[in-house]
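*Asks:* got a predicted structure here, sequence first:
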Amino acid sequence: MPIFSYFITDLAERKSKPIKVPLQNHEEAVMYGTLLAREMLGDTPELPDNGMCITILNDEGETVSILPFGSVN
């Protein structure tokens, strides 16, 4: 099962430690990232104002998706 890594970042200076999650595929990884973003927005609603996003990498270190907090419903 592939391991996907999730980073909270502004794509420039700030970057969190990775959250590593085993998931079946790319689609599941993006769905999990969206749920993670929604949960974080509930706790920290100012994240979109700071240009923050969630970057998802596959187990080879390639970018799978970038989810800006401002685009998460």
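*Replies:* Yep, it's here. Numbering: from 1, shown residues only.
*Asks:* what are the ranges of the helices in this protein?
*Replies:* 26-43 (DSSP state H).
*Asks:* report the rounded mean pLDDT for stretch 11-29.
*Replies:* For stretch 11-29, mean pLDDT rounds to 92.
*Asks:* give the buried residues for it.
*Replies:* 21, 23, 29 (16 or more other CB atoms under 10 Å). C-betas here are computed from N, CA, C, even on glycine.
*Asks:* do stretch 56-67 as well
*Replies:* Buried residues in stretch 56-67 (16+ other CB under 10 Å): 56, 57, 58, 64, 65, 67.
*Asks:* mind listing the strands for the protein?
*Replies:* 3-9, 19-22, 53-57, 63-68 (DSSP state E).
*Asks:* quick revisit: tell me the two of the buried residues of stretch 56-67 that are most distant?
*Replies:* 58 and 67 (14.8 Å; CB to CB).
*Asks:* between the strands of the chain, which one is closest to residue 43.
*Replies:* Closest among the strands of the chain, using CB to CB: strand 3-9, at 11.9 Å.
*Asks:* how about the contacts made by the most centrally placed residue in the chain?
*Replies:* Central residue of the chain (CA atoms, centre = their mean): residue 54, 2.7 Å from the mean position. Going by CB atoms under 8 Å, 6 or more residues apart in numbering, residue 54 touches 6, 7, 8, 9, 33, 36, 37, 66, 67, 69.
*Asks:* tell me who's in contact with the closest residue to it other than its chain neighbours.
*Replies:* Excluding its sequence neighbours, the residue lying closest to residue 54 (CB to CB, 6 or more residues apart in numbering) is residue 67, at 4.5 Å. Applying CB under 8 Å, 6+ apart to residue 67 gives the contacts 30, 33, 34, 37, 53, 54, 55, 56.
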